[in-house]
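Peer 1: Quick one, fold the following:
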Amino acid sequence: MKIVVLLSAVALLFLTGCAGFRGGIASAPYLGETVPRAPCPSTSYERMQTGNIAFPGLDMLVSLNNTIRTYEFSVVACLFPVHLDMKDTAYDGTGSKLEVLLRFRSLEPGYSFRRDLAVVNVDGHEFCQSAVESAPGKAGSVVSNAETVLTPVGKFYSFRLVFEVPVPHPDSDVSLDLSKALRHKDCPVIPLIRFQRIRWSEGYN
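Peer 2: Model prediction:
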């Protein structure tokens, strides 16, 4: 009987006592001609924060569905280390098309957004969105190409734009043009949003 209990306890540890460390590569947005120093996020929260862009009168977050997990180091029951090589194939995105997630929070009235005017450039080729989808969550749900006024001030609006182009590798040359899509009569036109390759890592339980 004691042996059975002991074996059951060991089996339970193997099933529940897992922790590990994983990492990979992704794309992070930036404004301007000069490529900034690439961030190296070490938690999932820090990785999400790499998508934040500050612009006059507006906070925004931009992310692509091309995050790749290139390795994972797991420890089972805190005893047996196991290394898994993901071979650059584990995209966070569920589909084969490029998706751009945008989240806006206006800090002053007057901003508006036309999602159908957003243009993405991948390795020298331009693409417009191929589908109209609102991002899930508590943010404002927008399911048409009509102009959306980003008010009231302080409210979050999220948009998921889908483009007829395969998900690009983080090494690809990718940029997002919102100069016609995101407008404010008193603020400058937002410059081209470019993306750079970054490395990320995070631990988990």
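Peer 1: need the longest strand for the chain.
Peer 2: The strand that spans the most residues within the chain, counting by DSSP state E, is strand 18-31.
Peer 1: all helices for this structure, in order.
Peer 2: Remark: helices assigned in the chain by DSSP state H are 2-16, 44-49.
Peer 1: how about the strands in the protein?
Peer 2: 18-31, 52-55, 58-64, 68-76, 80-91, 97-106, 112-113, 119-122, 125-134, 148-149, 156-166, 174-177, 182-183, 193-204.
Peer 1: between these, which one is nearest to Ser42?
Peer 2: For Ser42, the closest of those is strand 193-204, at 5.5 Å, according to Cβ to Cβ. C-beta coordinates here come from the backbone N, C-alpha and C atoms, glycine included.
Peer 1: avg pLDDT for that closest one?
Peer 2: Here strand 193-204 scores 92 as its mean pLDDT.
Peer 1: That one packs against which elements?
Peer 2: Secondary-structure packing of strand 193-204 (3 or more Cβ pairs under 8 Å, 6 or more residues apart in numbering; DSSP states H and E): strand 18-31, helix 44-49, strand 174-177.
Peer 1: how far does the longest one sit from the chain's center?
Peer 2: Relative to the mean C-alpha coordinate of its chain, strand 18-31 is positioned 10 Å out (Cα atoms, centre = their mean, to the nearest Å).
Peer 1: In terms of mean pLDDT, which of the helices of the chain ranks lowest?
Peer 2: helix 2-16 (a mean of 43).
Peer 1: Grab the nearest non-local neighbour of the most centrally placed residue in the chain.
Peer 2: In the chain, the C-alpha nearest the mean C-alpha coordinate belongs to Ser63, at 3.3 Å (Cα atoms, centre = their mean). Nearest residue to Ser63 in three dimensions, chain neighbours excluded: Gly51, at 4.3 Å (Cβ to Cβ, 6 or more residues apart in numbering).
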